[in-house]
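Asker: next input, structure requested:
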Amino acid sequence: MRSPECLSEYEFWVYKDQTGFAFAPSFFAIDSNMSTIAKSTTPAAPSAFESKDWTKAPTPELQSGSEDESDVLDAKAKERRQRKQVKKEEKQRREEAERRAREEAEARAREEAERAKAEAERKVKEEAERQAREQAEKERAEVQRRAAEVAARQRAMAQEASKKRAREEPEAGPSGDRNDNVR
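Answerer: As a prediction, the model looks like this:
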């Protein structure tokens, strides 16, 4: 598009509407032949009705024409869709990685719990076996003690019986008949 200095008055106002820039005709000096518009040396002050927000001014890409506008808008929309898709894919990858990490952590926790349970069961079994061995040893010792007591009582009874026999034999006399005592 041509610069504002080269525009006719009609083109100037169309240009102003497209760009949002305000060039008041009073600030341009017009030649005598009206073919060119010369710039004024004083800057144009924005009027109260004009927007001072430069972010709302159209980009130079959009000033080239309406057919280019749709292409530019399509390109920008395509870029937005692509960025959205990339963000969506990144989010999915991140969620998938988090899910995998959670599953691995749960699996490790389950394995650790199983190992701890197996270790506890092994310790309980070993403790039960140790207690059973100790009980069996105590019972064996008790049986041996009782057997020793019984053997001691039997020896004592045997000694008493032999002493009793020994006492009875001298009374029997030299003949060896025990009933000779009767006279």
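Asker: flag the shaky bits of the protein, pLDDT-wise.
Answerer: 1-67, 170-183 (pLDDT under 70).
Asker: quick one: the helices in it?
Answerer: 9-19, 66-172 (DSSP state H).
Asker: so which of those helices is the most surrounded?
Answerer: helix 9-19 (a mean of 13; mean count of other Cβ atoms under 10 Å). Yep, even glycine has a C-beta here, placed from its N, CA and C like the rest.
Asker: and Ala151, how far is that from Lys78?
Answerer: 107 Å (Cβ to Cβ, to the nearest Å).
Asker: then Val150?
Answerer: For Val150, the distance to Lys78 - Cβ to Cβ - is 105 Å.
Asker: same question, Arg130
Answerer: Applying Cβ to Cβ to Arg130 and Lys78 gives a distance of 76 Å.
Asker: equivalent analysis for Lys117, please.
Answerer: Counting by Cβ to Cβ, the gap from Lys117 to Lys78 is 57 Å.
Asker: how much space separates Arg122 from Glu129?
Answerer: From Arg122 to Glu129 the distance is 10 Å (Cβ to Cβ).
Asker: common neighbours of those two, please.
Answerer: Counting by Cβ atoms under 8 Å, 6 or more residues apart in numbering, Arg122 and Glu129 have no contacts in common.
Asker: so Glu106 versus Glu112, what's the distance?
Answerer: Taking Cβ to Cβ, one finds Glu106 at 11 Å from Glu112.
Asker: also Lys125?
Answerer: 20 Å.
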